[in-house]
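> sequence first, then the predicted structure, then my questions.
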Amino acid sequence: MAEGGTADSVPDPLLRAGRGAPLLLLHGVLLTWQSWLPVIDDLRADHDILAPTLPGHWGGPPAQRPATIASLADWAESLLDETGWRTAHIAGNSLGGWIALELAARGRARSVTSIAPAGLWRDPAASGTLVRKFRGMSPLIGFGAGSPPAMPNMIRSLLLPLLAHRPGTVPAHLARAMAAAPTHCAILDDLAEDPALPKGFTALSALQVPTSILLPEFDRVLPPHLYPPLTPTPTIEIHPLPGVGHVPMLEAPTRITTEIRATITRSTTAQSA
């Protein structure tokens, strides 16, 4: 298994592993790069993986304040520059899925696999639904609430059903890591006040690189009714993910590696045509 500290210690700020085509993995809000642990060992066999923790999240760098979607995308673009990658294949989940799409719009992606992405709202009110959901949990989890978090076991019982359709199948070490991260997220309130949040990502149809949008069937964070009708194009494919929740890497890692590789293959095929 890829390293990164125990569930009870501060995770490393990023993971770099493997050899091959560059692959950037971007996690969702409140979490860390550790949400990708179930797929890293498989993908590192043929990809140079860079999995960072976003600014303002547990173990990640300090965030520019107030943090915004644009500033997080700026940071991710700077990280690509520091790594020496003009472009990379990018996979993102939730907030990371939105950032992945932003990077593609900036010309930094070879392909994008966007899993349960934020920012593709049916209407602006959808973003408010998401904000209320997280703020409703804040007194128990303890972020942005001025109160201590609940006991770890209670946090796991609250959080895991939001992340996985079958929380009992998530390995214990991953469950602990996912539950430990939210109390250390410093920028949720910033993101909730970002003026760009209700507008969302509006350039989907203009993307020129192979892009896959993966929509988990049992997503309790961004349920399917929050998304508009999404229309496939020659570059964009829309795939449902039956039987899984918002962070499907936790419960169906093989399915996610298959989807990421399929998107990357489309990119490679297009470049060689």
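Happy to help now that I have it.
> wasn't Gly56 part of a helix?
No. Counting by DSSP: H, G, I helix; E, B strand; the rest coil, Gly56 is not part of a helix but coil.
> what mean pLDDT does stretch 197-211 have?
For stretch 197-211, the mean pLDDT works out to 95.
> what about it, start to end distance?
Using CA to CA, to the nearest Å, the end-to-end distance of stretch 197-211 comes out at 22 Å.
> show me which residues of that stretch are buried.
Neighbour-count burial for stretch 197-211 flags Leu197, Gly200, Phe201, Leu204, Leu207, Val209, Pro210, Thr211 (criterion: 16 or more other CB atoms under 10 Å). C-beta: built from backbone N, CA, C; applies to glycine.
> surely the last one meets His239?
Read that as Thr211. No. Thr211 is beyond contact range of His239, at 11.0 Å (criterion: CB atoms under 8 Å).
> specify the beta-bridge partners of the residue positioned nearest the centre of the chain.
Nearest to the mean C-alpha position of the chain, by CA atoms, centre = their mean, lies Asn93 at 2.4 Å. Listed beta-bridge partners, Asn93: Ile115 (assigned using DSSP bridges).
> would you confirm that it contacts Ala116?
Yes. Contact criterion CB under 8 Å: Asn93 and Ala116 qualify, at 6.1 Å.
> so what sits against both of those two?
Shared contacts of Asn93 and Ala116, defined by CB atoms under 8 Å, 6 or more residues apart in numbering, comprise Gly28, His246, Val247.
> which of the residues you listed has the most neighbours?
Neighbour counts for the shared contacts of Asn93 and Ala116, by other CB atoms under 10 Å, peak at Val247, which reaches 28 neighbours.
> closest one of the shared contacts of Asn93 and Ala116 to Leu230?
His246 (17.1 Å; CB to CB).
> confirm for me that that closest one is in contact with Gly28.
Yes. Contact criterion CB under 8 Å: His246 and Gly28 qualify, at 7.5 Å.
> which residues are common contacts for the two?
Asn93, Ser94, Ala116.
> where do the helices sit along the stretch 151-273 of the chain?
152-163, 172-180, 188-192, 253-272 (DSSP state H, counting those that start in this stretch).
> for the stretch 1-150 of the chain, which segments count as strands?
14-17, 21-26, 47-52, 88-93, 109-115 (DSSP state E, counting those that start in this stretch).
> so which elements touch the first one?
For strand 14-17, the helices and strands in contact under the criterion 3 or more CB pairs under 8 Å, 6 or more residues apart in numbering; DSSP states H and E are strand 47-52.
> for the strand it packs on, list the C-alpha coordinates in CSV.
This file holds the C-alpha atoms of strand 47-52, laid out as CSV (Å, rounded to 0.1, in the frame of the first residue of the first chain):
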residue,chain,number,x,y,z
HIS,A,47,1.7,6.2,-14.3
ASP,A,48,3.8,8.8,-12.6
ILE,A,49,1.3,9.8,-9.9
LEU,A,50,1.1,13.1,-8.1
ALA,A,51,-1.5,13.1,-5.3
PRO,A,52,-1.5,16.3,-3.3
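> so what strands line up beside that strand?
Partners of strand 47-52 in its sheet, by DSSP bridges: strand 14-17 (antiparallel), strand 21-26 (parallel).
> okay, these, which one's buried deepest?
Across the strands paired with strand 47-52, averaging neighbours per residue (mean count of other CB atoms under 10 Å) puts strand 21-26 on top, at a mean of 25.
> how about residues contacting that one?
By CB under 8 Å, 6+ apart, strand 21-26 touches 33, 36, 40, 43, 46-52, 54, 76, 79-80, 83, 85, 87-93, 95-97, 99-100, 103, 110, 260, 264.
> having no further points to raise, I will conclude here.
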